[in-house]
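Coordinates only, no sequence provided:
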């Protein structure tokens, strides 16, 4: 069983994102604030949200932006999850990484 991170704010942000009754504005704000946090457990939770949102909603777009910001800051991507990205989420990740850390974009990505 994975343990939650010590980052209380990160846990609170994820709680808002997973609360079906949270106002959309609060969820979008929380998604934008994800970039300031890190951790394997945290990223796995973001992956779950992106999958749930089918990589296409406005919420997925904001989560993908933050995820790409985390990856750019940390100088790495999750090579197992990256191939799952598609639709709006992939566009956001490629845009952020292209601007901040183009060397992290896997070869052949987006060349269809």
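That came in fine, so what should we check first? Keep in mind that this is a model prediction, so the values were computed, not measured.

could you say which helix or strand contains the residue nearest to the spatial centre of the chain?
Centroid-nearest residue in the chain: residue 67, 3.1 Å away (criterion: Cα atoms, centre = their mean). Per DSSP states H and E, residue 67 falls inside helix 58-74.

mind listing what's buried in the helix or strand following that helix?
Note on helix 58-74: by DSSP H and E, the next helix or strand toward the C-terminus is helix 87-100. Going by neighbour count (16 or more other Cβ atoms under 10 Å), the buried part of helix 87-100 is 87, 88, 89, 90, 92, 93, 94, 96, 97. Heads up, the C-betas are built off the backbone N, CA and C, glycines and all.

What of stretch 58-76?
So stretch 58-76, judged by 16+ other Cβ under 10 Å, has buried residues 59-72.

and that stretch, how far out from the chain's middle?
Taking Cα atoms, centre = their mean, to the nearest Å, one finds the center of stretch 58-76 at 4 Å from the center of the full chain.

What mean pLDDT does it get?
Averaged across stretch 58-76, pLDDT comes to 97.

Need the residues that contact that stretch.
17, 24, 27-28, 31-35, 37-38, 43, 46, 49-50, 53-55, 77-78, 85, 87-90, 92-97, 100-101, 104 (Cβ atoms under 8 Å, 6 or more residues apart in numbering).

change it to 6 Å
Residues from elsewhere that reach stretch 58-76, judged by Cβ atoms under 6 Å, 6 or more residues apart in numbering: 27-28, 31-32, 34-35, 38, 46, 49-50, 53, 77, 88-89, 92-93, 96-97, 100-101.

what does stretch 12-25 give?
With Cβ under 6 Å, 6+ apart as the test, stretch 12-25 has contacts from 26, 27, 30, 33, 34, 45, 49.

With stretch 79-93 instead?
47, 50, 55, 56, 60, 61, 64, 65, 68.
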